[in-house]
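>>> I would like to see how this sequence folds:
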Amino acid sequence: MGIQIRDLHKSFGDKAVLKGFSVEAREGETLVILGGSGSGKSVTLKHVVGLLTPDRGDVVVDGDVVSELTLDQLFKLRRRVGYVFQFAALFDSLSVADNVGMGLRRHADMGPGEIRERVADCLEMVDLVGFEERFPAELSGGQKKRAGIARAIATRPQYLLYDEPTTGLDPVTRAMIDQLILRMSEELGVTGIVITHDIDSAFRVADRFAMLHEGRCRFVGTPDEIRNTDDPVVRGFIEGRPELMEKA
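Numbering: from 1, shown residues only. Just a heads-up that it's a prediction; the model follows:
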């Protein structure tokens with residue numbers, strides 16, 4: 001059924017970040033949400049998993065209104081929605097294997113052997129076999145990102161949310177992360193939402209684009225449609241031409 005973001009409003013103090021943002025991530029697609037720093041992209045993702053509550057509007061996942069879920073229902077939702085944090089958010093005191101398996105250990109229906117097998121499968125999928133006993137301080141930036149993806153897919157989610165997955169990475173590593181995002185979609189069949197201001201990465205992974213600008217959805221469309229748009233704000237952003245945005 002996908003994820004519907006409907007007329008989402010969110011303010012922090014007197015600063016309105018989201019002012020009626022609406023967009024839908026359709027089942028099986030990778031939706032890329034573009035926007036400048038501070039535009040509300042990360043704020044939007046946090047609403048999807050109930051880390052933030054909207055001032056107005058709804059986020060609906062498979063027909064469930066997230067803000068209306070009980071705590072138990074919210075925990076179940078988070079098993080279906082994997083979250084890849086911007087800076088991986090690995091626990092420094094835990095090994096890679098323990099980081100990847102931490103969500104699984106909360107599930108009473110999985111024994112230690114099953115957890116080890118699942119962790120091994122996830123690390124193989126992100127090409128981190130042999131890294132099980134390493135700690136985050138021993139990993140490169142790209143390896144941390146891959147470990148974060150492994151942790152996100154460990155519960156076999158239907159959805160994956162990626163918060164700036166290529167930030168701070170060199171061009172080769174960025175391309176590797178993009179290939180992993182495509183692999184998650186093709187091999188696991190997950191629906192993905194990627195938030196980024198990395199235009200090259202965005203075009204590599206997107207089935208559709210949405211642009212968040214001034215708290216609202218400025219554009220929704222395919223890669224071809226965004227390349228050919230006449231909207232000066234959208235063109236200015238994807239082409240790196242601020243003068244176009246200033247004239248809009």
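>>> between the two ends of stretch 40-56, what distance do you get?
The stretch stretch 40-56 measures 15 Å between its terminal residues, going by Cα to Cα, to the nearest Å.
>>> buried set for that stretch?
40-50, 52, 54 (16 or more other Cβ atoms under 10 Å). For the C-beta atoms, the positions are set from N, CA and C on the backbone; glycine is no exception.
>>> show me what the helix or strand harbouring I33 is packed against.
In this assignment (DSSP states H and E), I33 forms part of strand 30-34. When contacts are defined as 3 or more Cβ pairs under 8 Å, 6 or more residues apart in numbering; DSSP states H and E, strand 30-34 packs onto strand 15-25, helix 171-188, strand 191-196, helix 199-205, strand 208-213.
>>> that strand to helix 171-188, inter-axis angle?
140 degrees (axes from the mean of the first three to the mean of the last three Cα atoms, to 10 degrees).
>>> okay, the buried residues of stretch 40-56 in a markdown table with secondary structure and pLDDT next?
Below are the buried residues of stretch 40-56 laid out as a markdown table (DSSP: H, G, I helix; E, B strand; the rest coil; pLDDT from 0 to 100):
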| residue | secondary structure | pLDDT |
| --- | --- | --- |
| G40 | coil | 92 |
| K41 | helix | 93 |
| S42 | helix | 92 |
| V43 | helix | 95 |
| T44 | helix | 96 |
| L45 | helix | 94 |
| K46 | helix | 94 |
| H47 | helix | 96 |
| V48 | helix | 96 |
| V49 | coil | 93 |
| G50 | coil | 93 |
| L52 | coil | 95 |
| P54 | coil | 96 |
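>>> can those residues go into TSV with extra columns for distance to A25?
Output for the buried residues of stretch 40-56, formatted as TSV (distance: Cβ to Cβ, whole Å):
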residue	distance to A25
G40	16
K41	13
S42	16
V43	16
T44	11
L45	11
K46	15
H47	13
V48	9
V49	13
G50	16
L52	18
P54	17
